[in-house]
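# What shape does this take:
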Amino acid sequence: MKMVADQFAETLAAADVKRVYGNVGDSLNELIEALLRQGKIERVHVLHEDVAAIADLHSHQLLSLSRQGQSLPEVAVPTAFSGLRERHVRPNSRPLASSTRPLPPSDELTLASSSTQKRKVRRRSEIATCFRLDGWAVIPRDAAIAAEVPVALAYNGLPHVVMMSTPSDLTDFAVGFSISEGILAGAMELLDLEVQEGETGIRVAMTIVPERFADLQKRRRNMTGRTGCGLCGVDDLTQVARPLPRVGKGVGVGIAAVHRALTALPAWQLANQETGAVHAAAWATPAGEIAFAREDVGRHNALDKLIGAMARNRIDPETGFAVITSRCSFEMVQKAATIGIPILVAISAPTTMALRIAEQTGVTLVALARSDSVTVFANPGRIEEIVT
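Prediction:
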């Protein structure tokens, strides 16, 4: 199935578009990412203020020539940008990638770091000045730091949990969290959702069907999660291993497809390219082609965002497999089983409880996934090379 972004990519490729300057708007990100994946354009990394300054200067030059009655020259912006790359992308710095699909749509969120001081935070990361020590050399540089802000989830006006999260794809996060934690059976039970920005964080207010809200009220609320970790809304050991359904048959997947997905995943991890501190969860076809991915500083949050995107887009979980870039703890398998994902591929090793849940729910657990090898820990029947 061809994505809309890929269709647009072919159109622009036919127009011989070769280069993109700076970061494009959020509505064009998938398009630019598709062109980059196809190797049809290159990205020149420059700062927003420089883009604006050069564009403003260029427009004034054109206006001046027009008033003087002179013919207008061809656009010379690429020449003007050529010096910016050397000035702002230092030898030891990591270039900044373009934005993902943030929600809410504004580029910045005002957070109060203290009662008297406010700072501006970019949706996915913020820039901090640091010093790199390379031998005897001290090199000042600007580094992208992963954004981490409090995100409060509330149901029918009642606060439920506060998670530390990367503030992008918050609708997917809220929907995925609600389903994977057993609060909702599916996206159809969510009646309304509103993302509200505040000085101390972001609040996602959801309205759910009355019967689900009644069940939710039985849980303990107002618990704070640490970067997506912890057991949210659980105050009793009997609630940890909640009943989980057996996953469906799913599809057969070859090891080559797993390797293909692992190889392709870094290109989808734009936030991690900026910061080196962000987890990802991706959905792949049986052939190993990544359909979409979500990122977050919390590994649970990244998977919740993926689950939310699948639910909102009505993706059948039996038609592919999920890939996560973190260790495989029991909550990751639990979340996958809740939505019915039959195959979970993790880069790191599983825990004992993760293995037990995979065995009980029928999830094929592939872990320690590397570009040259993988280890199948549970339910190997869906891996084509393994005969059971």
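
# those helices in the stretch 101-250 of the chain, which residues are they?
170-180, 210-216 (DSSP state H, counting those that start in this stretch).

# which strands and helices sit next to the first one?
Packed against helix 170-180 by the contact rule (3 or more CB pairs under 8 Å, 6 or more residues apart in numbering; DSSP states H and E) you find strand 149-155, strand 190-197, strand 202-208, helix 299-312, helix 330-339. (C-beta placed from N, C-alpha, C; glycine too.)

# what's it in contact with?
102-104, 151, 153, 155, 163, 165, 183-187, 190, 193, 195, 202, 204, 206, 208, 232, 294, 296, 301, 303-312, 334-335, 338-339 (CB atoms under 8 Å, 6 or more residues apart in numbering).

# Please parse the chain into its domains.
Using automatic domain parsing, the domain ranges for the chain come out as 4-88, 108-146, 150-239, 255-382.

# Reformat those domains into JSON lines and put mean pLDDT and distance to residue 249 next to each item.
Shown next, in JSON lines, are these (pLDDT from 0 to 100; distance: least, CB to CB, whole Å):
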{"stretch": "domain 4-88", "mean pLDDT": "56", "distance to residue 249": "29"}
{"stretch": "domain 108-146", "mean pLDDT": "68", "distance to residue 249": "37"}
{"stretch": "domain 150-239", "mean pLDDT": "83", "distance to residue 249": "20"}
{"stretch": "domain 255-382", "mean pLDDT": "95", "distance to residue 249": "7"}
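
# what residues are up against residue 327?
Here residue 327 is in contact with 299, 346, 348, 349, 350, 351 (CB under 8 Å, 6+ apart).

# right, and residue 309 touches residue 169 too?
Yes: with contacts counted by CB atoms under 8 Å, residue 309 reaches residue 169, the gap being 7.3 Å.

# shared neighbours of those two, anything?
residue 294.

# how about CSV for the domains of the chain, with distance to residue 245 added?
Shown next, in CSV, are the domains of the chain (distance: least, CB to CB, whole Å):
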stretch, distance to residue 245
domain 4-88, 33
domain 108-146, 34
domain 150-239, 11
domain 255-382, 7
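
# From residue 334, how far off is the residue nearest to residue 348 when sequence neighbours are not counted?
With sequence-adjacent residues excluded and distances taken as CB to CB, 6 or more residues apart in numbering, residue 348 is closest to residue 327, at 3.8 Å. Here residue 327 is placed at a distance of 14 Å from residue 334 (CB to CB, to the nearest Å).

# Output stretch 246-261 as CSV - backbone C-alpha positions only.
What follows is stretch 246-261, C-alpha atoms only, in CSV (Å, rounded to 0.1, in the frame of the first residue of the first chain):
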residue,chain,number,x,y,z
ARG,A,246,-4.8,-14.7,23.5
VAL,A,247,-3.6,-12.9,20.4
GLY,A,248,-4.8,-14.0,17.0
LYS,A,249,-3.0,-16.1,14.4
GLY,A,250,-1.2,-13.2,12.8
VAL,A,251,1.1,-13.6,9.8
GLY,A,252,4.3,-15.5,9.1
VAL,A,253,7.4,-13.3,9.1
GLY,A,254,10.9,-14.2,7.9
ILE,A,255,14.1,-13.2,9.6
ALA,A,256,15.0,-11.1,6.5
ALA,A,257,11.9,-9.0,7.1
VAL,A,258,12.9,-8.4,10.8
HIS,A,259,16.4,-7.3,9.7
ARG,A,260,14.9,-5.1,7.0
ALA,A,261,12.7,-3.3,9.6
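
# ok, and what's touching it?
Residues contacting stretch 246-261 (CB under 8 Å, 6+ apart): 282, 284-290, 317-321, 323, 337, 340-343, 345, 361-364, 366, 369, 371-372, 374, 382-385.

# Please identify the most buried of the domains of the chain.
domain 255-382 (a mean of 21; mean count of other CB atoms under 10 Å).

# Span of that domain from start to end?
The first and final residues of domain 255-382 sit 10 Å from each other (CA to CA, to the nearest Å).

# Over to stretch 347-356?
Per CA to CA, stretch 347-356 runs 18 Å from first to last residue.

# Which element, helix or strand, includes residue 10?
Taking DSSP states H and E as the criterion, residue 10 maps to helix 4-14.

# How much space separates the closest residue to residue 335 other than its chain neighbours from residue 337?
Excluding the flanking residues, the one nearest residue 335 by CB to CB, 6+ apart is residue 180, at 3.8 Å. Plainly put, residue 180 is 9 Å away from residue 337 if you go by CB to CB.

# now do residue 200
Residue 200 is 35 Å from residue 337, by CB to CB.
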